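J.: Let me see the structure of the following:
(chains A and B)
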Amino acid sequence: MEPIAIISIFVLAVFVGFEVVSKVSSTLHTPLMSGANAIHGVILVGAIIVADHSRTNLELGLAVAAIILATINMVGGFVVTDRMLEMFKPKKGGENK
Amino acid sequence: MSHFLYSLIGLSAGVCFILALKGLSTPKTARRGNIIGAVGATIATVVVFFYAQEGESLPLNNLGWILGAIAVGVVIGVPAARKVQMTQMPQLVALFNGVGGGAAALVAIVEYLHLGDKANTAEVIATVFTVIVGCVSFSGSIITFLKLQELMTTRPVVFPGGRFVIAATLAATLGVAVWVVIALGTNPLLILAALSLLFGVLFVLPVGGADVPIVISLLNAFTGLTVAASGYVLDSTLLIIAGTLVGASGTILTRMMAEAMGRSLFGTLFGAFTAKPQEASGAADDRPVRSGSPDDVAILLNYARRVVIVPGFGLAVAQAQHTVRELADLLISKGIDVAYGIHPVAGRMPGHMNVLLAEANVPYDQLSEMEEVNPTFAQTDVAIVIGANDVVNPAAKTSPGAPIYGMPILEVANAANIIFLKRSMRPGFAGIENELLYDPKTMLLFGDAKASLTKVVSALKNL
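T.: Numbering: from 1, shown residues only, chains lettered A, B, ... in the order given. Below you'll find the predicted structure:
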């Protein structure tokens, strides 16, 4: 890829990242962090690509370890975030006397 | 699949991640946001199986290994995330972040082994960056996990000459990094990884108490940046977008968390270099305190007009959220005005208390944020502090030497009576003595928060 294309993507993504979370109440700091944490689990894609590349046992072994770790990060991250947020869902009945 | 289609699908996953972060910023859409993020991640993962990378063909090589490894990851990750107690979530997030950083470092190392001499300088620099930051994130997160799980001391660990050791490690790491870029070769890269792991440990050890969540958030942003760097080496636009998004939003989030706690981000970051052994806090440990029985507490509450409940980590530990709601309902049925005063960082993580109380179906309108509730303490008859300490500690205002100095606190000292439910006289997470415990208008009720509250509730019912 053209270096300038990569730099453009990077710079624009920085601004989008700043902008989307600029106003968030402290209540959501932890779930937001946890959700962002799950998103970087997408390194799994990179781990799969390098496993595909692997020619030696050493490379494959490291790549397999990377896939396991990345999957834990991604899948576990989304599940734990959902558990945190499940408690925010609107509850019906029983509250008003 | 054509490269164009592959990139387009990757882009749609990137858009999902943006929408996910946007959704996660508002309570109403937070849950949907998280699901959109998961959908994006799934799309990204599935599509990579159907695209032949440059110089490769379909199906992917080592397909069995890849699928098996994913299965292992799911089998470890999902039960861990489902079974964890609410109190232990911060540690788990730290751990997930750490393994993500580790994965990024491993990916960089494998790709480096694979490219060998073909790597250009920019790729080597990106690899070096990923290895350093990924390893720091990995070992640093493990230490924060150990601290939060209380498998090691929660206080800052400072040893004589520590800052020189840290500075030397950092210098060595950077030196080896330059060596890798110039000389290339596997051994220098492995030395670099080892040094970075060591630096991660040294970087987090001096961090204590309230700064730990900030460091987790910071390491999370770091891991995002390593993913972006890996994306550059692997020529994956999606990884660049996703990693940069997390890096940028994580940085902002870290700053917001630091502000909510009244900490300077700079101070947290470079605490490793500036940490001094802490000044001895609160000289007299054996001053008299006034402790009461559940009946005393019940009587005090029964004749109050306004009660503010201040929950803290002790509530989470005792899993007392349902009992506290029972108490609040009982007081409301007696015509007493009840509010929860929520400190933004009560517990171990921002928002920890809101999550716990929401689980117990406490209505939102009873939860008051700090700015809202502070002016009302003067009209409050009883403030009940349940397993909180640092967030009500006046030392944050009065003693400039205290590690929490400058953090905004809940001003329970202005209430007519203060009740502390505590397990013991042990100071809070930040390890600072709380003057309020010795205040004449304070009554202490020792014991597990849930057991104590249950006794207070039954005493109230008998009045």
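J.: Tell me how many other residues crowd residue B:164.
T.: Burial of residue B:164 is recorded as 10 neighbouring residues (other CB atoms under 10 Å in any protein chain shown). Using the backbone N, CA and C atoms, a C-beta is placed for each residue, glycine as well.
J.: and it, what element?
T.: Residue B:164 is part of helix B:162-183 when elements are defined by DSSP states H and E.
J.: need the next SSE after that helix, C-terminal direction.
T.: The helix or strand immediately downstream of helix B:162-183 is helix B:186-204, counting by DSSP H and E.
J.: Which other helices and strands does that following helix contact?
T.: In this structure, helix B:186-204 makes packing contacts with helix B:89-115, helix B:121-148, helix B:162-183, judged by 3 or more CB pairs under 8 Å, 6 or more residues apart in numbering or on different chains; DSSP states H and E.
J.: 6 Å instead, please
T.: Helix B:186-204 makes packing contacts with helix B:121-148, helix B:162-183 when contacts are defined by 3 or more CB pairs under 6 Å, 6 or more residues apart in numbering or on different chains; DSSP states H and E.
J.: Can you tell me, leaving aside adjacent residues, what's nearest to residue B:449?
T.: Once its chain neighbours are removed from consideration, residue B:449 has its nearest residue in residue B:318; the separation is 3.8 Å (CB to CB, 6 or more residues apart in numbering or on different chains).
J.: Tell me how many other residues crowd that neighbour.
T.: Counted with other CB under 10 Å, residues neighbouring residue B:318 total 22.
J.: I'd assumed residue B:448 was in contact with it.
T.: Yes. With the criterion set as CB atoms under 6 Å, residue B:318 and residue B:448 qualify as a contacting pair; they are 5.1 Å apart.
J.: measure the residue most central in space within chain A to chain B for me?
T.: To find the centre residue of chain A, average its C-alpha atoms and take the closest one (CA atoms, centre = their mean): that gives residue A:39, at 1.1 Å. Using CB to the nearest CB, to the nearest Å, we find residue A:39 at a distance of 5 Å from chain B.
J.: what is the mean pLDDT for the longest helix anywhere in chain A?
T.: Criterion DSSP state H: the longest helix present in chain A is helix A:3-20. Across helix A:3-20, pLDDT averages out at 91.
J.: Secondary structure of residue B:420: a strand, I assume?
T.: Yes. Following the definition DSSP: H, G, I helix; E, B strand; the rest coil, residue B:420 is counted among the residues of a strand.
J.: residues touching it, list them.
T.: With contacts taken as CB atoms under 6 Å, 6 or more residues apart in numbering or on different chains, residue B:420 has the following neighbours: B:385, B:444.
J.: let's see it at 7 Å
T.: The contact partners of residue B:420, taken as CB atoms under 7 Å, 6 or more residues apart in numbering or on different chains, are B:385, B:437, B:442, B:444.
J.: try residue B:147
T.: Here residue B:147 is in contact with B:154, B:212 (CB under 7 Å, 6+ apart).
J.: distance of it from residue B:154?
T.: Taken as CB to CB, to the nearest Å, the spacing of residue B:147 relative to residue B:154 amounts to 5 Å.
J.: Repeat that for residue B:389.
T.: Shown here: residue B:389 relative to residue B:154, a distance of 12 Å by CB to CB.
J.: Could you find the closest non-adjacent residue to residue B:191?
T.: By the measure of CB to CB, 6+ apart, the closest residue to residue B:191 outside its immediate chain neighbours is residue B:176, 5.5 Å from it.
J.: Which one of residue B:389 and residue B:154 is surrounded by more residues?
T.: The neighbour count for residue B:389 versus residue B:154, taken as other CB under 10 Å, is higher for residue B:389 (25 against 18).
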